[in-house]
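Q: need a structure here:
(one chain, ligands or ions: 1)
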Amino acid sequence: MRVAIVGSGISGLSALWFLKKHSDHEVNIYESAEHVGGQARGIIYRREGKEDVLVDTGLMAFSPAGSPTLAAFLKHLDLPTRRTDMSLAVSRQPRPAGVLNLFNPRAWRLAFDTLRFRYAQADDDQKLGAWLSANGYSAAFFDEWLLPRIARLWLLTDDLAAKSMPAGDVVRGVQDHEASWEAITGGGAALIDKLASVVPPENLHTRAEIVSITSHEYGVRLVEAGGTNHIYDHVILAIPGNRALKLLKAGSWAAPEEEEALSGDWTGIDAVPATGAVPTAVSVTSTPAPPAYDASMPAPTQTLALTYDMGRIAAQPGITLHIAPGSAFQVPLPSTRDLAPAQNTRRIAYAGAWARGGRAEDALVSALELVKSAPFNASPPLEGRRRAGMAMTLTLARIVLAYAEGVRSITAPLWTVVSWPVALALAIIETATPVPRARRQIALLRKCWE
Ligand SMILES: Cc1cc2nc3c(=O)[nH]c(=O)nc-3n(C[C@H](O)[C@H](O)[C@H](O)COP(=O)(O)OP(=O)(O)OC[C@H]3O[C@@H](n4cnc5c(N)ncnc54)[C@H](O)[C@@H]3O)c2cc1C
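A: Numbers count the residues shown, from 1 in each chain. Take a look at the predicted model:
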């Protein structure tokens with residue numbers, strides 16, 4: 001079969017590699033940019049009077065537990081990886097009250113919620129915000145522990161986007177990424193170059209933007225921006241779903257099931273390299289979001305800015321990467337989408353990180369599953385791996401923690417009755433204490449307690 005792949009990100013290049021190595025199909029790949037690699041290629045950082053640096057933005061780090069297929073594929077490709085640091089620091093404006101955490105019920109609650117989250121399970125048909133409320137997680141847990149981890153993993157820059165993600169994706173993703181992290185030696189570019197090396201130059205078309213696609217009985221017609229037409233037996237659109245939809249509509253029409261499968265929520269970010277270093281590998285700063293234009297619509301309450309220390313993460317010392325809301329990259333919000341009704345229906349197939357959880361692992365698995373199925377029927381020696389199920393002891397821990405949460409939620413009203421008199425007593429003692437230093441200490445204690 002003559003196959004065209006549109007888009008040379010991790011998904012397009014992996015599909016290319018699998019088809020070239022493990023099938024007899026003739027494959028061409030089209031990429032609108034000057035270089036292959038998509039988001040995983042990285043960003044060129046231009047510094048005055050110094051050499052340009054390719055900052056390894058798009059595949060900085062992955063956790064083997066959370067990205068098992070990627071880890072296995074890198075081994076298969078003989079691409080070395082090394083342990084890396086993804087330590088996290090969080091700063092919030094305004095700062096949460098309470099310094100003496102031992103006397104701070106909020107801190108105890110946060111510790112308890114963190115513990116039970118580690119053993120939690122969630123379905124994908126519930127949004128994270130609803131799941132957190134239904135399971136009694138505290139606001140402090142979301143703001144101070146969970147949200148920064150979601151931001152680090154999915155590059156999200158506000159709390160509303162995080163709360164609208166499928167709960168199952170978030171719970172599994174965050175749990176899996178609490179373990180160790182690794183980076184590819186040579187960065188995402190090493191993977192990109194290895195994958196692209198299987199295709200001869202005459203089948204690799206860069207600066208070739210496809211602007212429309214039409215399916216006919218005899219094949220699929222692709223039209224390039226300059227007007228050149230190409231006919232193939234089958235096409236893989238390894239580009240974001242919303243762009244794929246545009247190409248279909250520019251060519252002819254899109255069926256309702258295609259509209260449904262290909263549309264989704266995206267968030268825009270800027271990724272700006274700079275010179276400097278930060279105390280931890282990733283730092284997340286949260287500030288109150290500006291007021292919404294339309295008060296009747298759900299709106300974010302926090303805006304997040306992320307800084308990645310590329311020295312610690314990607315062995316690029318003295319370079320940081322700043323992520324903030326913007327438009328340079330479109331990041332998909334993971335959603336529970338079903339591609340099956342649209343897949344291969346008109347000799348057109350779809351792949352990409354957007355079709356799953358939004359990370360490099362998702363781009364790879366989407367391509368792997370596609371090429372293994374009809375009509376490609378390739379046979380790569382790689383499985384789309386799933387995370388291991390919970391061990392018996394973990395299941396037991398989950399039951400105990402669920403029971404503890406049940407007790408906590410039942411006794412919560414009682415806690416309010418007890419905590420008020422304590423706060424009042426502390427306020428009275430504070431006022432009555434004559435020694436200023438002792439008074440300050442009691443005031444601090446009272447603040448923590450409240
Ligand atoms: C700043 C940043 C940091 C990240 N860090 C990590 C990380 O540390 N770990 C991790 O696992 N993931 C990370 N990711 C996510 C990861 O990079 C992506 O999930 C992955 O690269 C997406 O691959 P893809 O093939 O789905 O899409 P893309 O990389 O977006 O590839 C799509 C390609 O299609 C091309 N294209 C689009 N339209 C057309 C057209 N009409 N004609 C021809 N070509 C077209 C585009 O130019 C692009 O090259 C990061 C992402 C960003 C933005």
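Q: if I look at the spatially most central residue of the chain, how far off is L382?
A: Geometric centre of the chain, nearest residue: W154, 2.4 Å, by Cα atoms, centre = their mean. Separation of W154 from L382 (Cβ to Cβ, to the nearest Å): 25 Å. C-beta coordinates here come from the backbone N, C-alpha and C atoms, glycine included.
Q: residues in contact with D52?
A: Going by Cβ atoms under 8 Å, 6 or more residues apart in numbering, D52 touches I44, Y45, R46.
Q: I'd say the second one and P273 touch.
A: Yes: counting by Cβ atoms under 8 Å, Y45 touches P273, with 3.8 Å between them.
Q: hey, what's in contact with both of the two?
A: V53, V55, I319.
Q: Most neighbours among the contacts of D52, which one?
A: Scoring the contacts of D52 on neighbours with other Cβ atoms under 10 Å, the highest-scoring entry is Y45 at 20 neighbours.
Q: Report the beta-bridge partners for it.
A: Assessed by DSSP bridges, Y45 has beta-bridge partners V53.
Q: If I look at it, what pLDDT would I see?
A: In this model, Y45 is scored at 92, pLDDT.
Q: how much space between it and I313?
A: Taking Cβ to Cβ, one finds Y45 at 15 Å from I313.
Q: Wait, L382 touches L74, no?
A: No: using Cβ under 8 Å, L382 is not in contact with L74, being 10.9 Å away.
Q: Between the two, tell me which one has more neighbours.
A: The neighbour count for L382 versus L74, taken as other Cβ under 10 Å, is higher for L74 (22 against 18).
Q: just checking, what packs against the helix or strand harbouring that one?
A: Counting by DSSP states H and E, the element that carries L74 is helix 68-76. Counting contacts by 3 or more Cβ pairs under 8 Å, 6 or more residues apart in numbering; DSSP states H and E, helix 68-76 packs against helix 360-372.
Q: Report the mean per-residue pLDDT for the helix or strand that the helix it packs on is followed by.
A: The C-terminal neighbour of helix 360-372 among helices and strands, as given by DSSP H and E, is helix 392-432. For helix 392-432, the mean pLDDT works out to 78.
Q: How about stretch 25-41?
A: pLDDT averaged over stretch 25-41 gives 95.
Q: What residues of it count as buried?
A: Residues of stretch 25-41 classed as buried under the neighbour-count rule (16 or more other Cβ atoms under 10 Å) are 25, 27-32, 36-41.
Q: so which of those also contact the ligand?
A: Y30, E31, S32, G38, Q39, A40 (Cβ under 6 Å from any ligand atom).
Q: Looking at the residues you listed, which is nearest the ligand?
A: If you rank those by distance to the ligand using Cβ to the nearest ligand atom, G38 comes first, at 2.3 Å.
Q: Leaving out chain neighbours, which residue sits closest to that closest one?
A: Excluding its sequence neighbours, the residue lying closest to G38 (Cβ to Cβ, 6 or more residues apart in numbering) is G9, at 2.6 Å.
Q: so what's that neighbour up against?
A: G37, G38, Q39, A40, A238, I239, G352, A353, A363.
Q: Now, these that are in helices?
A: Mapping the contacts of G9 onto helices (DSSP state H) picks out A363.
Q: any chance of the contacts of G9 in a markdown table, with distance to E144 too?
A: Below are the contacts of G9 laid out as a markdown table (distance: Cβ to Cβ, whole Å):
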| residue | distance to E144 |
| --- | --- |
| G37 | 36 |
| G38 | 34 |
| Q39 | 29 |
| A40 | 31 |
| A238 | 38 |
| I239 | 37 |
| G352 | 33 |
| A353 | 28 |
| A363 | 31 |
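Q: R439 contacts A432, doesn't it?
A: No: taking contacts as Cβ under 8 Å, R439 lies outside contact range of A432: 9.1 Å.
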